[in-house]
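Undergrad: Provided below for reference: sequence and predicted model.
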Amino acid sequence: MTRVTPLDKYRNIGIMAHIDAGKTTTTERILYFTGINHKIGEVHNGNATMDWMEQEQERGITITSAATTCYWHDHQINIIDTPGHVDFTAEVERSLRVLDGAIAIFDAVAGVEAQSETVWRQADRYHVPRIAFVNKMDRPGADYERTIQMMADRLGATPVAIQIPVGVESSFRGVVDLVSGKAFVWETDSQDEKVEASEVPAEMADVVAAAREHLMESVAEQSEDLLDIYLEHGELSEEQLLTAIRELTLSRTICPVLCGSSLKNKGVQLLLDAVVNYLPSPEDIGEVAGHDLSYTEEVHRRMADDEPFCGLVFKIMSDAYVGNLAFVRVYSGSMKAGEAVYNVGKRRNERVSKWVRMHANKREDVPEVHTGDIIAITGFKNVVTGDTICDASAPLLLERVEFPDPVIHIAIEPKTKADAEKLAQTLDRLALEDPTFRVRIDEESGQTIISGMGELHLEVLVTRMTREFGVSANVGRPLVAYRETVTKTVVIDEELSRQVGGKGQFARVKLEIAPQPRGEGFLFQSQVGPDKLPREFAAAVEESLMQAMSAGVLAGFELLDVAVTLVDAAYDEVESTDISFKIATSIAFKKGARQAAPTILEPIMKVEVVAPEEYVGSVVGDINTRGGHVQTMEARGDAQVVRANVALAQMFGYSTALRSASQGRANYSMEFSHYAEAPKSIQEKYAPQMGVPGEGVRSF
């Protein structure tokens, strides 16, 4: 089967924003205007196509990223609609890893919000070009210019308006496209109203002329050639503007900004035009970088059908009918269903049972896939998020997706013996789907501990266990995922010399254990050369240290921000083994960590509260009673935005307290900021104990 859509007409995009900015609503309009859906679903009615999960429909939020494909002006647009809630930020992370471009949606009233900053930084990390869509221009308090200024101030972006609104708030009825100099006006809110380019309203002529001149200046100053043309002729042609904006967007020099109201069906068609005009195709990206199998050399591969097949598994989803679905971004080559593919990470071949194109939770069989496709595979047995699959004759390893560590955990146990095996299988399936969901058995208590990114994250997963998998379980109250670290430098010398089963074991290590700056993680260095210690023994020392970091010496919490240097070592050619060096290292590290003034760390959350002016005093007072530190306060329309750092342990049940303090008129968002030394009460509570304390359980 030959390619249907040329590669230069592919657009792989994501839609990202803060919760409630209108991502799913915008996607629903895109599906309607491109002819994929014949009826618009609404989030508030629980019938949005992309929010297909039962809990998404009940809660009115996106929980899992959903993929779909549509067509606009002979271009194939593969879309991933991502969640806006911080508890599900991993869905955004893995989606942006495989996308070529993105639409960042902002609420015209709220402007740049907390999660807007998070997803913007994620897009920066993966060098994703993006365009911005300022949504909800019809709402009271909407301010287009303020939102653009917030993009510059809070995101460090270079926003360039390529549209200006016709009317604002309740009088919003259209936009002026500054590139073409034409107006697009919607007289009604009907999704079927035909809108065509018209002349700019006379009363807006001066405003449009000034805005268009500013656009031309902003674009021209980025290019000497364009600047010469602009200075000579006093303006740039529509074609010159369009080409220049595209080039500057692809290089992430600027971010074009559009506006509209998705709920009122205004501006979405022009947003689709901007996707086609300004966001990259795989051809624009050019190539993908990976590593050889030894991870010593960088390998580059062109994004083209005539290259060997290569793709990245970026998401696993359980399907009641076909088992696990592995979502794949195809970076190069073509492959038919039924052919074998090489899983580089697992070093094994697997056969592709079917290629399926996803439309939310619906599947369409595809006989063959090509470069640029975002597709799913059925029938894979041993695959996890981040695996590279490719042609066995030309293997390479693509960069894996890095996920944040969980900050909250709870104990869980089956209600009956019959549920025990089912619970274990269900937890394994959920952990395979969600890399930020962790499962472990506590060594001290024997309890099963599940960890996640927040209360909502774990609540959703527990509800899924009950509804989707039919597992009955008792669940403990949420507990904070504390960590440990050391606060001073010590040097410890440990020698292991013993007889085991008639055979001697010998190893000597001298370690320097020191604190690292917060957030730097674990660092191992060796000052002992291979002439004094064979490489296999040095590797055993590092491996033992990595294992030791998983359990601290105070309460068994994972250790963070520790630097260990192997200062000296000795071995015996007969009696030294890998095991002897691992044992000696483990003993030395535990002794040294106890002497290095260990302390417990707690997660600190960045909290943003938006409250009406009259409730700000109550909000700030409540934050202070929780031991929080208010960082900034700023006006946003008739509301105040309070930003503070608060310990996660103090934030349980905060949504109820905030509703009570503001009569339900305030809302908040929260995301992990950093780890800091826990207060004395926490140190005294946990330091004498080992492992995670078993709390009382409640039924779900």
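TA: Thanks, I have it.
Undergrad: going by C-alpha atoms from here, please, whenever you check contacts or count neighbours.
TA: Noted.
Undergrad: can you verify my assumption that L258 contacts G174?
TA: No: using Cα atoms under 8 Å, L258 is not in contact with G174, being 11.3 Å away.
Undergrad: tell me the secondary structure at the closest residue to A394 other than its chain neighbours.
TA: Among residues not flanking A394 along the chain, P308 sits closest, at 6.5 Å (Cα to Cα, 6 or more residues apart in numbering). Here P308 takes the coil state, with states given by DSSP: H, G, I helix; E, B strand; the rest coil.
Undergrad: ok, the one 10 residues further on next?
TA: What three-state DSSP gives for S318 is strand.
Undergrad: for it, give the beta-bridge partners.
TA: Applying DSSP bridges to S318 yields these beta-bridge partners: N324.
Undergrad: tally of neighbours for it?
TA: Neighbours of S318 under the rule other Cα atoms under 10 Å: 14.
Undergrad: strands along the stretch 51-200 of the chain, start to end?
TA: For the stretch 51-200 of the chain, strands defined by DSSP state E, counting those that start in this stretch occupy the ranges 66-72, 75-81, 101-107, 130-135, 159-161, 163-166, 174-177, 182-185.
Undergrad: between the ones you listed, which one is nearest to L461?
TA: strand 66-72 (17.3 Å; Cα to Cα).
Undergrad: what strands line up against the closest one, and which way round?
TA: Neighbouring strands of strand 66-72 in its sheet, by DSSP bridges, are strand 75-81 (antiparallel).
Undergrad: low-confidence ranges, the stretch 551-700 of the chain, go.
TA: Applying pLDDT under 70 to the stretch 551-700 of the chain picks out residues 687-700.
Undergrad: ok, now with 50
TA: 689-700 (pLDDT under 50).
Undergrad: hey, where'd the strands end up in it?
TA: Here the stretch 551-700 of the chain has its strands, by DSSP E, counting those that start in this stretch, at 562-570, 598-612, 629-636, 639-647, 667-677, 697-699.
Undergrad: CSV for these, including distance to Y144?
TA: Putting the strands of the stretch 551-700 of the chain into CSV (distance: least, Cα to Cα, whole Å) gives the following:
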stretch, distance to Y144
strand 562-570, 47
strand 598-612, 19
strand 629-636, 13
strand 639-647, 17
strand 667-677, 22
strand 697-699, 48
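Undergrad: which one of those strands lies closest to D124?
TA: strand 667-677 (18.0 Å).
Undergrad: who touches the closest one?
TA: Strand 667-677 has contacts (Cα atoms under 8 Å, 6 or more residues apart in numbering) with 86-87, 114-115, 407, 518-519, 599-611, 645, 655, 658-659.
Undergrad: neighbours around the closest residue to Q631 other than its chain neighbours, how many?
TA: Take Q631 and drop its neighbours on the chain: the residue closest to it by Cα to Cα, 6+ apart is A644, 5.0 Å away. Counted by other Cα under 10 Å, the residues lying close to A644 total 21.
Undergrad: use 22 as the first number for this chain going forward.
TA: Happy to do that; since the first residue is 22 now, the last one works out to A665.
Undergrad: residue contacts, A665?
TA: 627-629, 644, 649-653.
Undergrad: at 6 Å instead, please
TA: Residues near A665 by Cα atoms under 6 Å, 6 or more residues apart in numbering: 628, 650-652.
Undergrad: among those, which one has the most neighbours?
TA: Highest neighbour count within the contacts of A665, by other Cα under 10 Å: V628, with 25 neighbours.
Undergrad: so it bridges to which residues?
TA: Legend: beta-bridge partners of V628 under DSSP bridges are A665, M691.
Undergrad: contact partners for it?
TA: The contact partners of V628, taken as Cα under 6 Å, 6+ apart, are 664-666, 690-691.
Undergrad: which SS class is V405?
TA: coil.
Undergrad: roughly how far does it sit from V373?
TA: Distance, V405 to V373, using Cα to Cα, to the nearest Å: 15 Å.
Undergrad: now distance to N286 too, for the contacts of A665, in CSV please.
TA: Converted to CSV, the contacts of A665 look like this (distance: Cα to Cα, whole Å):
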residue, distance to N286
V628, 33
H650, 42
V651, 39
Q652, 38
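Undergrad: closest to A584 out of those?
TA: Closest approach to A584 among the contacts of A665 (Cα to Cα): H650, at 29.9 Å.
Undergrad: ok so D326 is a strand residue?
TA: No: applying three-state DSSP, one finds D326 to be coil, outside a strand.
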